[in-house]
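Engineer: what follows is a predicted structure for the sequence shown.
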Protein chains: 2
Amino acid sequence: MSRPTIHDVARVAGVSLSTVDRVLNGRVGVREGTQLRVAEAMRTLGYERNVAAANLSRRRQYRLRFFLPSGSNSFMRGLEDRVRERMAVAGRDSTVIEVTTVPPFDAPALAAELRGLCADAVDGVAIVATDATAIRVAVQDLRARGIAVVTLVSDLPSSERQHFVGIDNVQAGRTAASLLGRFCRWRPGRIALVAGSMLVRDHVERRLGFEQVLRAEFPDQAIGATIEGLDDQDIVEERLRTILAEDPGITGIYSFGAGNRGVARAVSGLSPDRRPAVVVHELTHYSRDALLDGVFDAVIHQDDAREVDVAIRTLRALADGESPDGAAERIGVEVFLRDNLP
Amino acid sequence: MSRPTIHDVARVAGVSLSTVDRVLNGRVGVREGTQLRVAEAMRTLGYERNVAAANLSRRRQYRLRFFLPSGSNSFMRGLEDRVRERMAVAGRDSTVIEVTTVPPFDAPALAAELRGLCADAVDGVAIVATDATAIRVAVQDLRARGIAVVTLVSDLPSSERQHFVGIDNVQAGRTAASLLGRFCRWRPGRIALVAGSMLVRDHVERRLGFEQVLRAEFPDQAIGATIEGLDDQDIVEERLRTILAEDPGITGIYSFGAGNRGVARAVSGLSPDRRPAVVVHELTHYSRDALLDGVFDAVIHQDDAREVDVAIRTLRALADGESPDGAAERIGVEVFLRDNLP
DNA sequence: CTGAAAGCGCTAACAA
DNA sequence: TTGTTAGCGCTTTCAG
């Protein structure tokens, strides 16, 4: 009726509680035969350890640390807010969370921070990775010191991070093309691309996915001019204005970096009937307003609150030596229109 | 440094553990003055109860029960699968879950089941509601017996259910219009509507939202014929075929009931260049295939796995007398294209 | 009205 | 190699 406890296991195996505890936790100093008897008892009883009780007894604390880029990027600031919200209530799950911000795109700075971490002060870290060798090495170091590592939002492939919490950016690009292609279907033309920096892996992936789908499925839409806005709204605005003035055949815009405010300003200058369909990334205060004003048609989004939660759960599981449940914790590419805003 | 415990509170207030416990749990038999001293101590220490320890001590079990419609509706069967997945691992959170299926749209049957529930066998129930007075009364009864009640997927407004876990269907309809309007923007025509039954509240709401947006924002698209498919794929297929044959000006189809297979079959009979844009509800095995085949353009979805999780968390919180965190647990209207499928 | 003591399921010294 | 014992933070008898 109620779940079996170590007492039951001990009784059935004919040993003491401590012995059960030892084999349960894979500690040394138990004769092979005894181990087998205990394991057997567990199996027949269908024993499952009560994690809450174990944590209570052990006074277990999960000490986690988030490394986020500093700067004015709205998405990152939102992400930080979400982390701080979790910080405030993390005590309930016996975990303490800390945040460190580091200059964006500054691999040496991040690597230095990571190197400074002490294994008996932190159980796991979540990092918004910059794709650099220094970071890969730092991650390898952390793992060697027994610290769990997940990447958040931006991945670091072929490193020793144990998990990536974020969206598939190729899929995001494909989705954008799928939307824009349909939005412009009966009106052949060119779609302008606004990148942040093609040096950032996410942006390259988004563009790749976009081109794949647009080429294959929407031959009446060509890829027009591509501008690199460096995630700066003013640069984006100015270049985009120029392009739009030069080419009246632009039917759509896909912006896959930051600088949404620049896109909004450039587009809202146009007369409504000439306005192209616009798809951008990340739902923020600004992109939300642009959706509501009818300046943007769709926003491709990743759920930052969910990403933070998943990162926390994943790090806790990893710290306990469990393997996180990938499927359940997947972060999807979300699509927002004016009408399904949260 | 570590969180204060009732020991600390007791010491500061100059009382025993039991007294702290009594005021903590609002039990009777504590002099007013003592109560205040204890409350004061809690405040100054910033005491927060350790729920895990409390549940351990109390050997608390959350006993929850889901009532789902039986029948072949793919979405409901998927929902049931999700509940059963949770059942299997619920023990870890000291909760036991049971599922009861009842004939769909059969209010008396559901009401009878609910009436049979015993308060000392169940702490909370989640029901996929049928909008009927008998159910409202049954819910009132459950609440009177101290059982927590949430509605799932389909709400029962102005009843005593404590929470609704599901999407806003007006918003879903608006989103569909927003998509279809854009998909057909440069090609004036008529959009055909496929309802399940206009007797079901969800469907009425979806249609309402759809009309609102289509009328206001996409005047070049009229609302064409509306068919009532009774959630039966064969009926849907036949009627839709008729309509499509009669009216070559149909640019889009919005199907907001079940019967997706019927829609897919009717549409795939058309030559590709005459094919209307198609938006349907609920991502299932079938709608997924239709998306991949390019027969459907978009699917409006609600995340059933998430709904089940949220329902469980909400019921647990309600059973503890807490008020669930509405904002964090909101279920959004999701949009899937071929390219952002999970 | 208040307090002492036993115990929830598990872990961690410390003995044996 | 194994067992005994005292907690973790809280609840719950049962006395006082």
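Structural biologist: Ah, there it is. Numbers count the residues shown, from 1 in each chain, chains lettered A, B, ... in the order given.
Engineer: spatially nearest residue to the residue of the stretch 101-250 of chain A found nearest DNA strand D, not counting backbone neighbours?
Structural biologist: Nearest residue of the stretch 101-250 of chain A to DNA strand D (C-beta to the nearest atom of the strand) works out as A:D123 at 18.3 Å. For glycine as for every other residue, the C-beta is placed from the backbone atoms N, C-alpha and C. For A:D123, ignoring the flanking residues on the chain, the nearest one in space by C-beta to C-beta, 6 or more residues apart in numbering or on different chains is A:A319 at 4.2 Å.
Engineer: the one you found and A:R60 touch, don't they?
Structural biologist: No - the criterion here is C-beta atoms under 8 Å, and A:A319 misses it with A:R60 at 9.1 Å.
Engineer: coming back round to it: report the contact partners of the residue nearest to A:D123.
Structural biologist: A:Y62, A:D123, A:G124, A:A148 (C-beta atoms under 8 Å, 6 or more residues apart in numbering or on different chains).
Engineer: could you dump the residues you listed to CSV with secondary structure?
Structural biologist: Formatted as CSV, the contacts of A:A319 follow (DSSP: H, G, I helix; E, B strand; the rest coil):
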residue, secondary structure
A:Y62, strand
A:D123, coil
A:G124, strand
A:A148, strand
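Engineer: for ChimeraX, what selects the buried ones among these?
Structural biologist: For the buried members of those, the matching ChimeraX selection, counting by 16 or more other C-beta atoms under 10 Å in any protein chain shown, is:
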select /A:62,123,124,148
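Engineer: please tell me how far the residue nearest to A:D123 sits from DNA strand D.
Structural biologist: According to C-beta to the nearest atom of the strand, to the nearest Å, A:A319 and DNA strand D sit 19 Å apart.
Engineer: go on, A:V280?
Structural biologist: Taking C-beta to the nearest atom of the strand, one finds A:V280 at 47 Å from DNA strand D.
Engineer: quick check: which element contains that residue?
Structural biologist: Using DSSP states H and E, the secondary-structure element containing A:V280 is strand A:277-281.
Engineer: and A:F164, by the same measure?
Structural biologist: Element membership for A:F164, per DSSP H and E: strand A:163-165.
Engineer: give the pairing partners of that strand; include direction for each.
Structural biologist: When pairing is defined by DSSP bridges, strand A:163-165 lines up against strand A:148-152 (parallel).
Engineer: how far does the partner strand sit from its chain's centre?
Structural biologist: Chain-centre distance of strand A:148-152: 10 Å, with C-alpha atoms, centre = their mean, to the nearest Å.
Engineer: please apply the same query to stretch A:39-49.
Structural biologist: Put simply, stretch A:39-49 sits 37 Å off its chain's centre (C-alpha atoms, centre = their mean).
Engineer: what sits against A:R190?
Structural biologist: Neighbouring residues of A:R190 by C-beta under 8 Å, 6+ apart: A:Q221, A:A222, A:I223, A:G224, A:A225, A:D247, A:G249, A:I250, A:T251.
Engineer: let's have these in a markdown table, adding pLDDT, neighbour count and secondary structure.
Structural biologist: Shown next, in a markdown table, are the contacts of A:R190 (pLDDT from 0 to 100; neighbours: other C-beta atoms under 10 Å in any protein chain shown; DSSP: H, G, I helix; E, B strand; the rest coil):
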| residue | pLDDT | neighbour count | secondary structure |
| --- | --- | --- | --- |
| A:Q221 | 97 | 22 | strand |
| A:A222 | 97 | 14 | strand |
| A:I223 | 96 | 16 | strand |
| A:G224 | 93 | 19 | strand |
| A:A225 | 91 | 17 | strand |
| A:D247 | 94 | 13 | coil |
| A:G249 | 94 | 12 | coil |
| A:I250 | 96 | 22 | strand |
| A:T251 | 96 | 22 | strand |
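Engineer: how close does the residue nearest to the spatial centre of chain A sit to A:V150?
Structural biologist: Nearest to the geometric centre of chain A sits A:G166, at 2.6 Å (C-alpha atoms, centre = their mean). From A:G166 across to A:V150, the span is 10 Å (C-beta to C-beta, to the nearest Å).
Engineer: which positions in stretch A:157-165 come out as buried?
Structural biologist: Using 16+ other C-beta under 10 Å as the burial criterion, the residues of stretch A:157-165 that qualify are A:S159, A:R161, A:Q162, A:H163, A:F164, A:V165.
Engineer: one step back: right, and the residue nearest to the centre of chain A touches A:V153 too?
Structural biologist: Yes - using C-beta under 8 Å, A:G166 is in contact with A:V153, at 4.6 Å.
Engineer: identify the contacts common to those two.
Structural biologist: Residues touching both A:G166 and A:V153 by C-beta under 8 Å, 6+ apart: A:Q302, A:E307.
Engineer: returning to what we had before: nearest to chain B among the contacts of A:R190?
Structural biologist: Nearest to chain B among those, counting by C-beta to the nearest C-beta, is A:T251 at 9.2 Å.
Engineer: the closest one contacts A:R187, correct?
Structural biologist: Yes - between A:T251 and A:R187 there is a contact under C-beta under 8 Å: 5.5 Å.
Engineer: which parts of the stretch 1-150 of chain A sit against DNA strand C?
Structural biologist: Residues of the stretch 1-150 of chain A lying close to DNA strand C (C-beta under 7 Å from any atom of the strand) are A:2-3, A:5-7, A:17-18, A:21, A:24-25, A:49-50, A:53-54, A:56-58.
Engineer: of the residues you listed, keep whichever come out buried.
Structural biologist: Buried positions within those, assessed by neighbour count (16+ other C-beta under 10 Å), are A:T5, A:I6, A:D21, A:L24, A:R49, A:N50, A:L56.
Engineer: skipping adjacent residues, who's closest to the second one in space?
Structural biologist: Just to be clear, that refers to A:I6. Residue nearest to A:I6 in three dimensions, not counting chain neighbours: A:V20, with 4.6 Å by C-beta to C-beta, 6+ apart.
Engineer: and the helix or strand hosting that neighbour with DNA strand D, contact?
Structural biologist: Assigned by DSSP H and E, A:V20 belongs to helix A:17-24. Yes - counting by C-beta under 7 Å from any atom of the strand, contacts between helix A:17-24 and DNA strand D involve A:L17, A:S18, A:T19, A:R22.
Engineer: interface residues of chain A facing DNA strand D?
Structural biologist: Counting by C-beta under 7 Å from any atom of the strand, chain A comes close to DNA strand D at A:14-19, A:22, A:29-31, A:33-34, A:53, A:56-57, A:59.
Engineer: the same query, at a cut-off of 10 Å, please.
Structural biologist: Along chain A, the residues adjacent to DNA strand D under the rule C-beta under 10 Å from any atom of the strand are A:10, A:13-23, A:27-35, A:37-38, A:52-60, A:94.
Engineer: buried ones among those residues?
Structural biologist: A:10, A:13, A:15, A:19-23, A:30, A:34-35, A:37-38, A:52, A:55-56, A:94.
Engineer: isn't there a helix covering A:A126?
Structural biologist: No - counting by three-state DSSP, A:A126 is not part of a helix but strand.
Engineer: what are the bridge partners for it, then?
Structural biologist: Here A:A126, judged by DSSP bridges, has bridge partners A:F66, A:V150.
Engineer: that one reaches A:F67, doesn't it?
Structural biologist: Yes - assessed by C-beta under 8 Å, A:A126 is found in contact with A:F67 at 7.1 Å.
Engineer: do whichever helix or strand comes after the strand holding A:V280 and chain B meet?
Structural biologist: Scanning forward in sequence from strand A:277-281 by DSSP H and E, the next helix or strand is helix A:285-292. No - shown here: helix A:285-292 not in contact with chain B (C-beta under 8 Å from any C-beta of the partner chain), separated by at least 10.0 Å.
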